[in-house]
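K.L.:
With the input below, show me the fold.
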Amino acid sequence: MEIDPNAKPVKPKPWYRALYFQVLVAIILGVLLGKFLPDKAVNLKVLGDGFIALVKMIIAPVIFITVSTGIASMSDLKSVGRVTGKAFIYFLTFSTLALIIGMIVSNLVPVGSGMHIDPKSLDPKEIQDYVSASKEHTLTHFVLDIIPKSLMSSLTGDSILQVLFVSIMFGIGVSLTMPKSKPVLDFLNALSHPIFKIVEILMKLAPIGAFGAMAFTIGKYGLDTLWSLGKLVGLFYATSGFFVIVVLGAVSWYNKFNIFKLLRYLKDELLLVLGTSSSEPALPGLMKKLEHAGCSNQVVGLVVPTGYSFNLDGTNIYMTLAALFIAHACDVDLSFQQQVLLLLVAMLSSKGAAGVSGAGFITLAATLAVVPDVPVVGITLILGIDKFMSECRALTNFIGNAVATIVVARWENQLDPEALKKALK
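P.N.:
Okay, here's the model as predicted:
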């Protein structure tokens with residue numbers, strides 16, 4: 001989507017009409033309702049699910065238009081491969097670092113030790129769905145998961161990877177047939193305006209979605225659930241906070257922007273992620289804000305959707321923390337070599353389940369299934385609190401992709417420093 005440089009600045013809304021305030025109020029009301037009227041609160045799940053479904057409806061068109069027009073507008077198609085290559089170098093580096101940090105923290109603070117859980121005492125029926133899902137989304141099926149059955153089926157499915165694949169191919173096709181394809185490019189640029197207007201309209205429903213999702217979560221699982229396994233939840237939030245503030249903060253500082261100012265700039269989207277426990281509803285808003293902050297639409301269109309599948313920092317921290325928590329709880333003493341094997345398997349399985357709903361829990365099951373020393377049935381120990389950790393996974397993933405996009409744009413000299421500075425103010 002192109003930003004009009006001559007557009008008049010929009011006056012800030014009153015504080016009570018700001019999206020972040022409305023979502024925050026909705027989250028608080030949802031928590032209160034879930035705490036005091038849990039039976040009624042669980043019935044509001046449809047509000048959260050309905051809102052996420054509405055946003056998912058528009059994600060495919062947003063990605064298709066942004067990516068295809070961005071590539072088609074590039075005069076040099078070599079830059080497409082260069083941007084993608086640099087993005088994947090960034091993704092691999094920091095995804096691996098997230099796994100390593102999770103493993104180091106879990107060894108320094110061995111939560112789960114002393115629980116002395118006998119794996120035979122756990123009910124395997126509770127995890128059968130997750131284990132079967134993990135087997136269906138292994139790295140072996142990864143290539144087939146990227147390629148859609150037809151050109152149009154990718155726009156009607158729920159795989160971000162398939163939409164991204166078709167968008168790149170279509171954008172290259174338009175670029176290679178210019179100027180004959182210029183009417184197609186003009187049409188897609190014009191189509192971006194109503195598409196993003198729909199996004200704007202849907203975002204007005206965000207408080208309702210956040211209210212329903214949070215009410216259901218507290219009503220079904222209860223705040224008391226956190227008490228028994230609160231150490232793991234607290235350690236995960238603390239580790240993710242360390243990764244965002246220290247690691248991503250250092251990356252931001254090195255690339256001449258402030259991580260805290262970026263978080264403030266993205267506060268609407270962050271609260272939306274917190275309320276819905278998913279980063280997908282915030283994807284259109286993230287892409288629009290990054291373009292407004294000076295990142296070229298080509299970089300935004302390539303890096304953000306790809307990062308949603310491959311740059312899962314929060315999910316990776318969760319995987320190593322949870323895997324070693326289960327090992328400690330079941331009195332399984334993993335050697336250094338076994339932990340390295342666990343790390344390598346986690347690196348592969350997290351990519352194999354890219355774009356899968358509930359990827360964090362599914363990839364954990366896939367990882368444990370390959371490392372026989374840690375009982376897969378042990379994931380029943382964290383089944384009850386996984387929902388409470390999903391918010392932090394989604395937030396960390398979201399922030400990681402925002403930072404990655406700005407960094408790659410700067411590497412490619414496709415970042416307007418003044419626009420970024422102005423936006424973050």
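K.L.:
who touches whichever strand or helix holds residue 289?
P.N.:
With elements taken from DSSP states H and E, the one containing residue 289 is helix 283-292. Helix 283-292 has contacts (CB atoms under 8 Å, 6 or more residues apart in numbering) with 1, 3, 55, 58-59, 62-63, 66, 196, 199, 203, 265-266, 268-269, 272, 297, 300-301, 304-305, 308, 398, 401-402, 405-406, 419, 423. Backbone N, C-alpha and C define where each C-beta goes, glycine included.
K.L.:
For these, which PyMOL command selects only the ones that are buried?
P.N.:
Selection of buried members from the contacts of helix 283-292 for PyMOL, criterion 16 or more other CB atoms under 10 Å:
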select buried, resi 1+55+58+59+62+63+66+196+199+203+265+266+268+269+272+297+300+301+304+305+308+398+401+402+405+406+419+423
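K.L.:
which residue lies farthest from the center of this protein?
P.N.:
Here the centre of the chain is the reference, and by CA atoms, centre = their mean the most remote residue is residue 180, at 37.6 Å.
K.L.:
Now do the SS call for that residue.
P.N.:
coil (DSSP: H, G, I helix; E, B strand; the rest coil).
K.L.:
Over to the one 5 residues further on?
P.N.:
Classification of residue 185 using three-state DSSP returns helix.
K.L.:
Please list all residues in contact with the closest residue to it other than its chain neighbours.
P.N.:
In space, residue 185 comes closest to residue 72 once its chain neighbours are excluded; the distance is 5.1 Å by CB to CB, 6 or more residues apart in numbering. By CB under 8 Å, 6+ apart, residue 72 lies in contact with 171, 174-175, 178, 181, 184-185, 188.
K.L.:
what about 10 Å?
P.N.:
By CB atoms under 10 Å, 6 or more residues apart in numbering, residue 72 lies in contact with 170-178, 181-182, 184-185, 188-189, 298.
K.L.:
Give me the buried entries from those residues.
P.N.:
Buried subset of the contacts of residue 72 (neighbour count, 16+ other CB under 10 Å): 170-172, 174-175, 184-185, 188, 298.
K.L.:
So for whichever strand or helix holds residue 315, mean pLDDT?
P.N.:
Assessed by DSSP H and E, residue 315 sits inside helix 313-329. For helix 313-329, mean pLDDT rounds to 87.
K.L.:
Alpha carbons of it, as CSV, please.
P.N.:
The C-alpha trace of helix 313-329 is given here as CSV (Å, rounded to 0.1, in the frame of the first residue of the first chain):
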residue,chain,number,x,y,z
ASP,A,313,11.4,-16.2,18.7
GLY,A,314,8.8,-16.6,21.4
THR,A,315,7.8,-20.1,20.2
ASN,A,316,11.5,-21.1,20.2
ILE,A,317,12.1,-19.9,23.8
TYR,A,318,8.9,-21.7,24.8
MET,A,319,10.0,-25.0,23.2
THR,A,320,13.4,-25.4,25.0
LEU,A,321,12.0,-24.1,28.3
ALA,A,322,9.0,-26.4,28.2
ALA,A,323,11.0,-29.5,26.9
LEU,A,324,13.6,-29.2,29.8
PHE,A,325,10.8,-28.5,32.3
ILE,A,326,9.2,-31.8,31.4
ALA,A,327,12.6,-33.5,31.6
HIS,A,328,13.2,-32.1,35.1
ALA,A,329,9.7,-32.9,36.3
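K.L.:
Tell me which other helices or strands that helix touches.
P.N.:
Judged by 3 or more CB pairs under 10 Å, 6 or more residues apart in numbering; DSSP states H and E, the packing partners of helix 313-329 are helix 78-108, helix 230-242, helix 336-352, helix 359-370, helix 386-411.
K.L.:
SS state for residue 69?
P.N.:
helix.
K.L.:
Leaving out chain neighbours, which residue sits closest to it?
P.N.:
That would be residue 188: by CB to CB, 6+ apart, it lies 4.9 Å from residue 69.
K.L.:
Which SSE is immediately downstream of the helix or strand that contains the one you found?
P.N.:
When elements are assigned from DSSP H and E, residue 188 belongs to helix 182-203. Using DSSP H and E, the helix or strand that follows helix 182-203 towards the C-terminus is helix 206-221.
K.L.:
got the buried residues for the helix or strand harbouring residue 253?
P.N.:
Assigned by DSSP H and E, residue 253 belongs to helix 249-254. Residues of helix 249-254 classed as buried by neighbour count (16+ other CB under 10 Å): 249, 251-252.
K.L.:
one step back: contacting residues around the helix holding residue 188?
P.N.:
By CB under 10 Å, 6+ apart, helix 182-203 touches 1-2, 19, 23, 51, 54-55, 57-59, 61-62, 64-66, 68-69, 72-73, 170-171, 173-175, 177-179, 209, 268-269, 272, 281-285, 287-288, 297.
K.L.:
just checking, residue 397 touches residue 312?
P.N.:
Yes. Under the criterion of CB atoms under 10 Å, residue 397 makes contact with residue 312 at 5.1 Å.
K.L.:
Can you show me the CA trace of the helix holding residue 289 as PDB?
P.N.:
Extracted C-alpha coordinates of helix 283-292, given in PDB (Å, rounded to 0.1, in the frame of the first residue of the first chain):
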ATOM      1  CA  LEU A 283      -0.500  -8.600  10.800                       C
ATOM      2  CA  PRO A 284      -2.300  -6.100   8.500                       C
ATOM      3  CA  GLY A 285      -1.800  -3.300  11.000                       C
ATOM      4  CA  LEU A 286       1.900  -4.100  11.500                       C
ATOM      5  CA  MET A 287       2.500  -4.000   7.700                       C
ATOM      6  CA  LYS A 288       0.700  -0.700   7.400                       C
ATOM      7  CA  LYS A 289       2.600   0.900  10.300                       C
ATOM      8  CA  LEU A 290       6.000  -0.300   9.200                       C
ATOM      9  CA  GLU A 291       5.400   1.200   5.700                       C
ATOM     10  CA  HIS A 292       4.400   4.500   7.500                       C
END
